[in-house]
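J.: turn this into a model:
(2 chains)
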Amino acid sequence: MALKKLTDAIAKITSVKGGSAETPAPNVVDPLHRELREALSADRVQVEGAHMSLMKRDASVFDGGVAGPLCYPESAAEVSAIMKIADKYGRAVVPRGAGTGLAGGAIPLGAPVVISAMKMTSILEVDVENRIAWVEPGVINLDLTRHLGQFGFHFAPDPSSQQVCTIGGNVANNSGGPHCLAYGVTNAHVVALEVVLPSGEVAVLGGIDAEPLGYDLRGAFVGSEGTLGFTTKVAVTITPNAPDVRTLLLSFETVRDAATTVSAIIAAGIVPAALEVMDQRITEAVEAYVGAGYPTDAGAVLLAEVDGLPDGIAIDAERIAEIGRANGATDVRQAETEQERALLWKGRKTAFGAIAQIAPDYYLHDTVVPRSKLADVLEEVYAIADRHDVLVMNVFHAGDGNLHPLLVFDAREPGKLDAVHAAGAEIVEASVAAGGVLSGEHGVGVEKQAYMHRMFTDDDMDHQARLRRAFDPDCRANPGKVLPMGHSCADIQSLRSVPEKVWG
Amino acid sequence: METPLLTVDDPKLLAFAEAVGAEGQVSVSGNRTRWLAGGALAEHTRILQAPTGMVAYSPEEMTAQVRVGTTVDEFHAQLAEKGQRSALPERGGTIGGAISVGENAVSSLGRGRLRTAVLQIRYVSADGRVVSGGGPTVKNVTGFDLPRLMVGSLGTLGLLAEATIRTNPIPAVSQWLRSDDADPFAVPAAVLKPSAILWDGSSTWVELEGHGVDVAAERRRLGSIGVFEEVDRPPALYANRWSLQPSELRTIDSLATGAFVASIGMGTVWAENPQPARLLSPEVALISRRMKHEFDPTGRLNPGRTVGGAE
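T.: Residues are numbered from 1 along each chain as shown, chains lettered A, B, ... in the order given. Next up, the predicted model:
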């Protein structure tokens, strides 16, 4: 199958290149390794051991990467040195945070030098007057929000992986999360970046002034999935904590009723902080896992949150409840205590962990559709899964139209993985056919390259490749990602033989 | 193979691309409200108009797809019919002009920065092709972010033809307040979400928006830092925009700016005098030069104009 082909292809490539993907024989120190060790320190450049195999994958089902030397720099100067050494030896570089990506974006292709953010974990400065914080890329998302609490602020993007994912990874993927409905995704919360280009130059993109001079290179860099360089410092905006919050739990007989309610809330001119839907299957799994207090007899539940000043959110909460009842809500309840609220959110955010109770494997999709098409596309998603005899659960950022169909399966069952991929392909097709996009927050990585043609014309992708080349003319940063092979500018020659359908 | 989602079939866009063609120096003029931004256009440059008119407005999706020759006033009048507005600045001129310059609304604390409101763009490339970037939905991370790159690029990378803009509901109540004794720098800590805080060196204006009850509560809180009275509108703004860090406004040099109105918490200053030239770092200048070369190798798009003096 294609996964095997990819692995074989990469193994062949690296031997042809005369590189050193394989562990060197004892006492023979590869010159690339030696130079990297001299630039950092011996203990911060790894070429073998358990860590190396961890680097082969991320949190997706893709498993075909081969990592070259794994480096743990502590400064922009060290990252710059790594870039120059990698260049000298004709090696690609792949940035890496916590490896929680779901699109294979951090999978090392072609035995690249892997640059980890894990030794750059300081919160450097909190600047309340300018409403920003300078942080290093390895800072964990939730740690930043916890740190900002003492000042009365938080970092708005809150992906489900926020307990482990890094700010550098959030920048690379332009990460979202439930509360991005009102507050916007990572791009809206990053004002400046210090980055190291693949050629070794250190550049500060954007700025904390109102309209930074020059092209918005900051905006171009955020969401570029590690293909433009390595982020060494990030100026994030800090958001004041709302003085009050109300969290409503609405139950419905059908997913359609829940989806219709979401559209009606937005159409009524209310922009809640979050609007999350879970179907009955995932609600049952969550309840069995954490016992958050969700009703397991409802066809779907809608978690709606409004935050702000107490009087105004009371009005919004009441209107949301009314709209819900008018659209078939069988029950509306409000979290009465902070503890109850926290538990509901814990249930929502651990939904993916809860799946392990049901089947050993899952494949989490990520597409966006116009809100008004949510109900129709969801019905199609269930029909597609039925046709392929795959179990699907839906838990999603309904307010943004961001679907996360979760295909649950046991990969040991013969033919199951093929069915999962076939169903996934049809779900992506259905989303695009409804006027949606390939990814709302996970990115393209290697997962959705083959679908880029469904959204963009060749001219569109040609221009995306131009943007990339301005930062990385030789395409040495995270090659083989985002754009399909024919469009990946001068992607490292060695990767040209990677089969297109790496997902099998 | 099916047609890609973003394939362009709008005859107005195709006609615009035809007019741009693939040869000769070319620029686009809107209402010329920001005509000198980035420097004077080279002589003998052919000047075109961008296509106009709404393509698709979906209030329930909070998106509007519009051709950028449309004026912001006209666009916002259409949104207002459905109780919505956008982050575009209401200072005259066209949507294309505002996006090309990257100018934020006066109330950007409340409406957000323009650069985050542009969801999808279509432009004519230096070789006369219509190129799309971004996507039609409010949330999208598919592919490289051409919309961000186009905001503020002064038409030097492509000639804007169409944009899909995120819209937002118009709040129930909008109120401008003025004080002659408040410390403007105390406002951000006093209220949760002011839509604008303006200061001209003596008076302070605050715009409060939202539910009537919230605006009333915020207004009471403002009372703790000064005497505020309701006024019809914000002060008149000066033509030149300075870009400073919000904290730099404390030590603003009014000899250099001349008369000014500053946006507290944002850092924009509308001033009598232009801001002294700022310089790109060598590294940013390098990337910018390469960007220009990638998108417009012969330098035919808006010749004479530079973004940050990069070329």
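
J.: what residues go with each domain of chain B?
T.: B:11-170, B:173-271 (automatic domain parsing).

J.: gap between the two ends of the shortest one?
T.: With C-alpha to C-alpha, to the nearest Å as the measure, the first residue of domain B:173-271 is 29 Å from its last.

J.: ditto for stretch A:290-297
T.: By C-alpha to C-alpha, the extent of stretch A:290-297 from end to end equals 17 Å.

J.: try stretch B:267-284
T.: End to end - C-alpha to C-alpha - stretch B:267-284 spans 22 Å.

J.: now do the buried residues in it.
T.: B:267-271, B:273, B:280, B:283-284 (16 or more other C-beta atoms under 10 Å in any protein chain shown). (C-beta placed from N, C-alpha, C; glycine too.)

J.: what's that stretch in contact with?
T.: A:197, A:201-205, A:208-211, A:213-214, A:217, B:104, B:108, B:237-246, B:248-249, B:252, B:256-263, B:288, B:308-310 (C-beta atoms under 8 Å, 6 or more residues apart in numbering or on different chains).

J.: C-alpha coordinates for stretch A:318-336, PDB please?
T.: C-alpha atoms of stretch A:318-336 as PDB (Å, rounded to 0.1, in the frame of the first residue of the first chain):
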ATOM      1  CA  GLU A 318     -32.400  34.500  27.200                       C
ATOM      2  CA  ARG A 319     -32.600  35.100  23.400                       C
ATOM      3  CA  ILE A 320     -30.500  32.000  22.700                       C
ATOM      4  CA  ALA A 321     -32.800  29.900  24.900                       C
ATOM      5  CA  GLU A 322     -35.800  31.300  23.000                       C
ATOM      6  CA  ILE A 323     -34.300  30.700  19.600                       C
ATOM      7  CA  GLY A 324     -33.500  27.100  20.700                       C
ATOM      8  CA  ARG A 325     -37.000  26.500  21.900                       C
ATOM      9  CA  ALA A 326     -38.500  27.900  18.700                       C
ATOM     10  CA  ASN A 327     -36.200  25.500  16.800                       C
ATOM     11  CA  GLY A 328     -37.100  22.300  18.700                       C
ATOM     12  CA  ALA A 329     -35.000  22.300  21.900                       C
ATOM     13  CA  THR A 330     -36.400  19.800  24.200                       C
ATOM     14  CA  ASP A 331     -34.400  21.100  27.200                       C
ATOM     15  CA  VAL A 332     -32.500  24.300  28.000                       C
ATOM     16  CA  ARG A 333     -30.400  24.600  31.000                       C
ATOM     17  CA  GLN A 334     -27.800  27.000  32.300                       C
ATOM     18  CA  ALA A 335     -24.600  26.100  34.200                       C
ATOM     19  CA  GLU A 336     -25.300  27.400  37.600                       C
END
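
J.: I'd like the average pLDDT over it.
T.: For stretch A:318-336, the mean per-residue pLDDT is 97.

J.: ok, is that stretch in contact with chain B or not?
T.: No: Stretch A:318-336 lies out of reach of chain B by C-beta under 8 Å from any C-beta of the partner chain, never closer than 10.6 Å.

J.: and the contacts of that stretch?
T.: Here stretch A:318-336 makes contact (C-beta under 8 Å, 6+ apart) with A:246-254, A:257, A:260-261, A:264-265, A:268, A:270, A:272, A:295, A:298, A:302, A:304, A:306, A:317, A:341, A:344.

J.: in that stretch, what's buried?
T.: The neighbour-count check on stretch A:318-336 (16+ other C-beta under 10 Å) flags A:320-321, A:323-324, A:327-329, A:332, A:335 as buried.

J.: closest one of those to chain B?
T.: Checking those against chain B with C-beta to the nearest C-beta, the nearest one is A:Ile323 at 12.8 Å.

J.: just give me the neighbour total for the nearest residue to A:Val381 once chain neighbours are set aside.
T.: Distance criterion C-beta to C-beta, 6 or more residues apart in numbering or on different chains; nearest residue to A:Val381, sequence neighbours excluded, is A:Pro405 at 5.1 Å. By the criterion of other C-beta atoms under 10 Å in any protein chain shown, A:Pro405 has 28 neighbours.

J.: contacting residues for A:Pro405?
T.: Going by C-beta under 8 Å, 6+ apart, A:Pro405 touches A:364-365, A:381, A:385, A:392-394, A:396, A:427.

J.: once you drop chain neighbours, what's closest to B:Arg22?
T.: Not quite, residue B:22 is Ala, not Arg. Closest to B:Ala22 by C-beta to C-beta, 6+ apart is B:Gly128, at 4.1 Å.

J.: in three-state terms, how would that neighbour be classified?
T.: coil (DSSP: H, G, I helix; E, B strand; the rest coil).

J.: from the contacts of stretch B:267-284, which land in helices?
T.: Residues of the contacts of stretch B:267-284 located in helices (DSSP state H): A:217, B:108, B:256-257, B:288.

J.: can you select the buried ones among those residues for me in ChimeraX?
T.: The command below creates a ChimeraX selection of those among those that count as buried (16+ other C-beta under 10 Å):
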select /A:217 /B:108,257,288
